[in-house]
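Peer 1: Predicted model, plus sequence, below.
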Amino acid sequence: MRKTNPPAKTSRRSFLRDGTILGGAVLAGVATDAQAAGDENLPPNVPEWMKTPGDAMGSQLYGAPSPFEKNVVKNIPKNLKQYISASGRTPLGDLDGIITPNGLFYERHHGGVPTIDPAQHRLMLHGLVDKPMIFTMDDIRRFPSQSRIHFLECSGNPVYTKPYGKTASDLVGLLSCAEWTGVSLKLVLQEAGLQPSAKWVVAEGADAAALTRSIPIEKCLDDAMLVYSQNGERLRPQQGYPLRLLVPGFEGNMNVKWLRRLHVASEPAYSREETSKYTDLMPDGTAREFTFYMEAKSIITRPSGGQRLTAPGFHEITGLAWSGHGKIKQVDVSVDDGKNWQKAELQQPILTRALTRFRLPWHWDGKPAVIQSRATDETGYVQPTLAELLAVRGDNHFYHNNAIWPWRIAETGEITNANA
Amino acid sequence: MPMRRTHAAVLALAALIYAAGTHAQSPYGIGRAATPAEIAGWNIDIGRDGQGLPPGSGTVSHGREVFEQQCAACHGDKGQGGVGDQLVGGQGTLATQKPVRTVGTYWPYAPTLFDYIRRAMPQNAPQSLSNEDVYAVSAYILNLNGLLPADASLDAKTMAAIKMPNRDKFVGDPRPDVKDKACMSGC
């Protein structure tokens, strides 16, 4: 039986779980606290987990995180009217690097998560092709494969109206990034033979919403993929098992999950999801349609809303930047409420349409501060402020909010949303 | 039994010949041809112009019954919304601070109603309504929005002929719509 002693209240672990910031000052403070608490597992004592063998091989056939990380889970909004068509968020403030663990990848589904037997799943390809075709999952996996790292982001992440989220996850947690493996959609389309009048491919999911979105043929012949694996393992049911469409840089819902049908057509389907939903209402009552791209954006994930700085001194500022239009070229960080900005260091690799991790070393003087990040992508596009977006789009635009989100740090070290 | 076996063998041979023909045309020779019957069973797409709408029809009055049984629990007895979206009303609100996006105010094409209801509604049993019931409940929702008279009946032709009030209010994607320079100091 595994021992999972909960950590003492003042241990380093509880600082971690509280989401506070690691730094020399904090770590230095831990030893003092621990000695005061008389924790038997800290120096000079030998920890109990060294005095007895650990779990035997095979105690977990599919590994799970440490029980001490049990609070790092998907962020599911409370009190929704229903949970069949709903979304769950990635806990961005608790994660490092650029790859989202599969179990924490954000979810958005419109008719629940189906349980699909891959042996009974088929992909139908028809419409303006020389030869309508049906593929089994074995067929799909016989095509030449490729693996690429791309982000996915829900188009409504976040909306423009208050109340604004308290944490990075509440705000922009409908964002994740993975290494995807599958086949280039172009190869599969060529297998059926595209006719010259083919301009759009209408993709349909095998879920209870039979979710339908139309993808321009240029995208289908560029970097679109039919994906069956994510971060090395088969897709999770929540991500479209056994097959999903991936259209890198396009809004999340177009990456149709549980993909069962591709209808090649001369015009879009004008489905409910691309007319009455996922269109962007302007103040004058008109609405933008087919707004596919997710524009350049960034967010500081640490320190961020809901976390707390425990002491003045050194703190690393880190976060994520991304653009549906390509690579991130530059991320600037301001620690003085937007008056002055410094270039952050970008972690390699910097990949097209993937999350990019940025970092800036910072010495907090213990006074109130507002920190924020601003991304520039390889097209030269600069992430705007919320005020700038609201001035053009109004506050009922709902989708594609890529504003800068500043965090306010109080003298107590508490961090809140500075736009709230 | 022998008869059946022979029949199966002939079918298998035919399939092989067919598959061989397929391989000759395609770069990788992966997958098989989809039959017209298979496509007909799965292709539930309805174009904005009504292309693909099936035969049959439904009346507003029958639609009211279907709506009460299948839809009202989530969308309200008059389509005013609840757990599900508001379907009715909101006329004149799109350009205000509190826009109400309903079938009547926002949806650009009536045939999309048929497409969406058939594929996704009711949420607890999608693709369970007959085509007649889908026509009828579409007619009722359009009637509640003042877009069809109470004695009307809807079929492929009449549904495609409806001009939705918001049809011409959709525009293309003009982004980037905010163009900034990255100010570095004294901003």
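Peer 2: Noted; the coordinates are in hand.

Peer 1: Point out where chain A drops to low pLDDT.
Peer 2: A:1-38 (pLDDT under 70).

Peer 1: how does it divide into domains?
Peer 2: A:7-54, A:86-288, A:297-417 (automatic domain parsing).

Peer 1: Could you point out which of the ones you listed sits nearest chain B?
Peer 2: domain A:86-288 (3.3 Å; Cβ to the nearest Cβ). C-beta coordinates here come from the backbone N, C-alpha and C atoms, glycine included.

Peer 1: Contacts only, for residue B:101.
Peer 2: A:276, A:281, B:90, B:94 (Cβ atoms under 8 Å, 6 or more residues apart in numbering or on different chains).

Peer 1: what's the answer for residue A:146, then?
Peer 2: A:181, A:182, A:183, A:184, A:225.

Peer 1: Skipping adjacent residues, who's closest to residue A:290 in space?
Peer 2: Excluding its sequence neighbours, the residue lying closest to residue A:290 (Cβ to Cβ, 6 or more residues apart in numbering or on different chains) is residue B:173, at 6.0 Å.

Peer 1: Tell me, how many residues neighbour residue 89?
Peer 2: The chain I'm using is chain A. Residue A:89: 26 surrounding residues under other Cβ atoms under 10 Å in any protein chain shown.

Peer 1: To clarify, I was referring to chain B.
Peer 2: 19.

Peer 1: Can you tell me the SS state at it?
Peer 2: The three-state assignment at residue B:89 reads coil, by DSSP: H, G, I helix; E, B strand; the rest coil.

Peer 1: In chain B, which residue sits closest to chain A?
Peer 2: For chain B, Cβ to the nearest Cβ, closest residue to chain A: residue B:95, 3.3 Å.

Peer 1: Would you mind giving me the confidence score for the residue most central in space within chain B?
Peer 2: Residue closest to the average C-alpha location in chain B (Cα atoms, centre = their mean): residue B:115, at 1.8 Å. Confidence at residue B:115, expressed as pLDDT, is 98.

Peer 1: how about residue 133, phi and psi?
Peer 2: All of this is about chain A. phi -140, psi 160 (degrees, to the nearest 10).

Peer 1: other chain: chain B
Peer 2: Here residue B:133 shows phi and psi, under degrees, to the nearest 10, equal to phi -70, psi -40.

Peer 1: Need the three-state assignment for the closest residue to it other than its chain neighbours.
Peer 2: Excluding its sequence neighbours, the residue lying closest to residue B:133 (Cβ to Cβ, 6+ apart) is residue B:66, at 4.9 Å. Look at residue B:66: counting by three-state DSSP, its state is helix.

Peer 1: Residue B:66: how many residues sit nearby?
Peer 2: 24.

Peer 1: who touches it in this structure?
Peer 2: Here residue B:66 is in contact with B:58, B:129, B:133, B:136, B:137, B:140 (Cβ under 8 Å, 6+ apart).

Peer 1: Which pair of the residues you listed spans the longest distance?
Peer 2: B:129 and B:140 (12.5 Å; Cβ to Cβ).

Peer 1: quick one, which of those two is more surrounded?
Peer 2: Shown here are residue B:129 and residue B:140; by other Cβ under 10 Å, residue B:140 has more neighbours (29 against 19).

Peer 1: Identify the residue spatially nearest to the residue of chain B most remote from its centre, adjacent ones excluded.
Peer 2: Distance to the chain centre peaks in chain B at residue B:186, reaching 53.0 Å (criterion: Cα atoms, centre = their mean). Nearest in space to residue B:186, with sequence neighbours left out and distances taken as Cβ to Cβ, 6+ apart, is residue A:339 at 6.7 Å.

Peer 1: quick one on the thing from earlier: looking at the contacts of residue B:66, which are in helices?
Peer 2: B:133, B:136, B:137, B:140 (DSSP state H).

Peer 1: wait, the first one sits on residue B:58?
Peer 2: Meaning residue B:133. Yes - counting by Cβ atoms under 8 Å, residue B:133 touches residue B:58, with 6.5 Å between them.

Peer 1: quick check: domain ranges of chain B?
Peer 2: Taken from automatic domain parsing, chain B resolves into B:14-43, B:57-169.

Peer 1: got a list of what residue A:418 touches?
Peer 2: A:337, A:370, A:372, A:405, A:406, A:407, A:408.

Peer 1: wait, I meant residue A:106
Peer 2: A:74, A:87-90, A:100, A:152, A:154, A:173-176, A:252.

Peer 1: mind checking which helix or strand of chain B has the lowest mean pLDDT?
Peer 2: helix B:2-25 (a mean of 48; mean pLDDT, DSSP states H and E).

Peer 1: so after it, what's the next helix or strand?
Peer 2: strand B:32-33 (DSSP states H and E).

Peer 1: quick one: strands adjacent to that next one?
Peer 2: strand A:133-135 (antiparallel) (DSSP bridges).

Peer 1: List the contacts of the partner strand.
Peer 2: A:122-126, A:188, A:191-192, B:30-34, B:38.

Peer 1: burial of residue B:100, as a residue count?
Peer 2: Neighbours of residue B:100 (other Cβ under 10 Å): 17.

Peer 1: For it, what are phi and psi?
Peer 2: phi -120, psi 110.

Peer 1: and the residue nearest to it when sequence neighbours are not counted, what does it touch?
Peer 2: Nearest non-adjacent residue to residue B:100, counting by Cβ to Cβ, 6+ apart: residue B:90, 2.7 Å away. Residue B:90 sits next to B:99, B:100, B:101, B:102, B:104, B:105, B:106 when contact means Cβ under 8 Å, 6+ apart.
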